[in-house]
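Asker: sequence and predicted model, in that order:
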Amino acid sequence: MIIIKSDYEVEQMRMAGKITAKAHEAVKKLIKPGVSTLELDEAARDIIHSNNAKVAFLNYMGYPKNICTSVNEQVVHGIPDKKTILNEGDIVSVDIGSFYNGYCGDSAKTYPVGKISDDAKKLIDVTRQSFYEGLKYCKKGYRLVDVQRAIQGYVEENGFSVVKDYTGHGVGQNMHEDPSIPNYDTGIKGPRLIKGMCLAIEPMVNMGGEEVNVLSDGWTVVTKDKSLSSHYEHSVAITDGEPILLTVL
């Protein structure tokens, strides 16, 4: 069941989303060669706590850290630790969620570490833009599949592949709510978008094939062919007009 949010609830989600965005800004400033992913985790945690919010990921279904840090061929759910040191030329996808007043803000971005290759930069740029191609259809009257089709089309036009094993989702008082939001045309129309729907739309894009595996830690998802992967996500509210990005400053 898709939970429709009131204007008040959307505003609470916007406040949660701003805290998540602040955490992203803090992490972004730290990213450079020689920094551990654990340092990124601790920085995000500190920002969330200092804004009287709660970390969304810690202990969620047993997840052991505050954020997800997925480096290079890691697609999503990479676990921060002090042993994973960022190197020049890496890319790192950072997924952050926070709860404020009982509502969730969920957002992910992929960042360069120092100077990266042109191909890696294109991957990051295409992933980000594929989100905005989907956002064009996040308006009352369109169907969910219109969003999905736009994301897939843009990614594939640029020579990359979308991950099909993981999806976006509804968001609100729970981090994961209905509906599930694949990043490709499933052939199912899905619900028509109406005011008050809040959606976490998150294309995951691989430089190579779409196939992925899960590592022995039970969390970290990697590309099967070891190609680079990128991730971009915002929480979005459907309105009577233009959509609202909830996870921005």
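Answerer: Arrived safely, thanks for sending.

Asker: please make it C-alpha for all contacts and neighbour counts, starting now.
Answerer: OK.

Asker: tell me where this protein has helices.
Answerer: 7-30, 37-50, 118-135, 144-157 (DSSP state H).

Asker: and the closest residue in space to G159 that isn't next to it in sequence, how far is that from I124?
Answerer: Spatial nearest neighbour of G159, excluding adjacent residues (CA to CA, 6 or more residues apart in numbering): M207 at 7.8 Å. M207 is 10 Å from I124, where distance means CA to CA, to the nearest Å.

Asker: quick revisit: would you turn the helices of the chain into a markdown table with mean neighbour count and mean pLDDT?
Answerer: Shown next, in a markdown table, are those (neighbours: other CA atoms under 10 Å; pLDDT from 0 to 100):
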| stretch | mean neighbour count | mean pLDDT |
| --- | --- | --- |
| helix 7-30 | 21 | 98 |
| helix 37-50 | 21 | 98 |
| helix 118-135 | 20 | 98 |
| helix 144-157 | 22 | 98 |
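
Asker: which one of those helices lies nearest to G168?
Answerer: helix 144-157 (10.0 Å; CA to CA).

Asker: and D7, how far is that from G102?
Answerer: Distance from D7 to G102, by CA to CA: 15 Å.

Asker: over to P243?
Answerer: Counting by CA to CA, the gap from P243 to G102 is 22 Å.

Asker: these two: which is more packed in?
Answerer: P243 (18 against 15; other CA atoms under 10 Å).

Asker: okay, the more buried one: pLDDT?
Answerer: Model confidence at P243, given as pLDDT, is 98.

Asker: can you offset everything so residue one is 22?
Answerer: Right, with 22 as the first residue, what we last looked at is P264.

Asker: ok, and the closest non-adjacent residue to it?
Answerer: Among residues not flanking P264 along the chain, A258 sits closest, at 5.6 Å (CA to CA, 6+ apart).

Asker: in the sheet, who's paired with the one you found?
Answerer: Residues in a beta bridge with A258, per DSSP bridges, are C219, I265.

Asker: check contacts around it.
Answerer: V31, K216, G217, M218, C219, L220, P264, I265, L266, L267 (CA atoms under 8 Å, 6 or more residues apart in numbering).

Asker: make it 7 Å
Answerer: By CA atoms under 7 Å, 6 or more residues apart in numbering, the residues touching A258 are G217, M218, C219, L220, P264, I265, L266, L267.

Asker: now, which of the residues you listed sits nearest H252?
Answerer: Closest approach to H252 among the contacts of A258 (CA to CA): L220, at 15.9 Å.

Asker: how many neighbours does S27 have?
Answerer: 12.

Asker: can you pull the phi and psi angles for the nearest residue to it once chain neighbours are set aside?
Answerer: Spatial nearest neighbour of S27, excluding adjacent residues (CA to CA, 6+ apart): G217 at 6.1 Å. Note on G217: backbone dihedrals following degrees, to the nearest 10 are phi 100, psi -10.

Asker: isn't G217 up against D261?
Answerer: No. Using CA atoms under 7 Å, G217 makes no contact with D261, being 8.9 Å away.

Asker: quick one: which of those two has more around it?
Answerer: Just comparing G217 and D261: by other CA under 10 Å the higher neighbour count belongs to G217, 20 against 11.

Asker: check contacts around the more buried one.
Answerer: With CA under 7 Å, 6+ apart, G217 has these contacts: I25, K26, S27, A258, I259, T260.

Asker: can you give me the pLDDT of it?
Answerer: Note on G217: pLDDT of 98.

Asker: now do Y124
Answerer: 98.

Asker: so what's it up against?
Answerer: Contacts of Y124 (CA under 7 Å, 6+ apart): Q33, M34, A37, G193, Q194.

Asker: done for today, thanks.
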